[in-house]
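A.B. asks: pasting the sequence and the predicted model now:
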Amino acid sequence: MGKTAYIALGSNMGDSKKNIEDAVKALDSVPGVSVKKLSGIYKTKPWGYEEQSDFLNACVRLEVSISPEVLLGVCLGTEAGMGRIRKIKNGPRIIDIDVLLYEGEERNTEELILPHPRMYERDFVLVPLTDIAEDEVKTKAEEAISLLKDKYII
């Protein structure tokens, strides 16, 4: 294989735990993609559009031999194959899969920004990411969590 990549998954429609598990299985079945570690699954409040059910969120560490752009296509294809329909920005979804990091790669295109531009602002990404991240990523995520905690302490 080749490089390490991290993705985030979220769901708040139907059986959210099963949706995440099904998405992980689907990703692992793709040539050039191997699931190495799944984080814990966390229940979180919606972000952005708040008039919806709570989410379940997780992160996955992958070993990949496909490009970041192809990985994005795999994630979008998995979402579509599971029935995701985009109606409301940040709205309810059967599955959401975001590419967070891809070893040694940065991108800033209309389709893909790496590292994910808002991952360090979202506890629903950072908390599960620290479950599976290698040292450098984990350290950055923990620093971001510390800053987020400062925003919420009264």
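C.D. replies: Nice, thanks for sending it over.
A.B. asks: next, give phi and psi for Gly83.
C.D. replies: Phi and psi for Gly83, reported as degrees, to the nearest 10, are phi 100, psi 20.
A.B. asks: residues touching it, list them.
C.D. replies: Neighbouring residues of Gly83 by Cβ atoms under 8 Å, 6 or more residues apart in numbering: Ile94. From N, CA and C alone the C-beta is placed, and that goes for glycine too.
A.B. asks: for the protein, just list every one of the helices.
C.D. replies: With helices called from DSSP state H, the chain shows them at 16-28, 68-81, 123-132, 135-152.
A.B. asks: return the most buried member of these.
C.D. replies: Per residue and on average, the most neighbours among the helices of the chain fall to helix 123-132, with a mean of 22 (mean count of other Cβ atoms under 10 Å).
A.B. asks: tell me what that helix is packed against?
C.D. replies: Packing contacts for helix 123-132, counted by 3 or more Cβ pairs under 8 Å, 6 or more residues apart in numbering; DSSP states H and E, involve strand 3-11, strand 33-38, strand 42-44, strand 55-64, strand 96-102, helix 135-152.
A.B. asks: output the below-cut-off pLDDT ranges for the chain.
C.D. replies: 1, 136-138, 141, 144-145, 147-154 (pLDDT under 70).
A.B. asks: mind checking the helices of the chain for the one nearest to Gly10?
C.D. replies: Among the helices of the chain, helix 123-132 comes nearest to Gly10, with 6.9 Å by Cβ to Cβ.
A.B. asks: next one: the closest one to chain centre, how far?
C.D. replies: Centre-to-centre, helix 123-132 and its host chain are 9 Å apart (Cα atoms, centre = their mean, to the nearest Å).
A.B. asks: burial count for the residue lying closest to Val64 once chain neighbours are set aside?
C.D. replies: Spatial nearest neighbour of Val64, chain neighbours left out: Ala5 (5.0 Å); criterion: Cβ to Cβ, 6 or more residues apart in numbering. Residues contacting Ala5 under the criterion other Cβ atoms under 10 Å number 22.
A.B. asks: Ala5 reaches Ser65, doesn't it?
C.D. replies: No - contact criterion Cβ atoms under 8 Å: Ala5 and Ser65 do not qualify, at 10.4 Å.
A.B. asks: stretch 38-57: how far from the chain's middle?
C.D. replies: With Cα atoms, centre = their mean, you get 12 Å for stretch 38-57.
A.B. asks: same thing with stretch 92-110?
C.D. replies: Per Cα atoms, centre = their mean, the centroid offset for stretch 92-110 relative to its chain is 7 Å.
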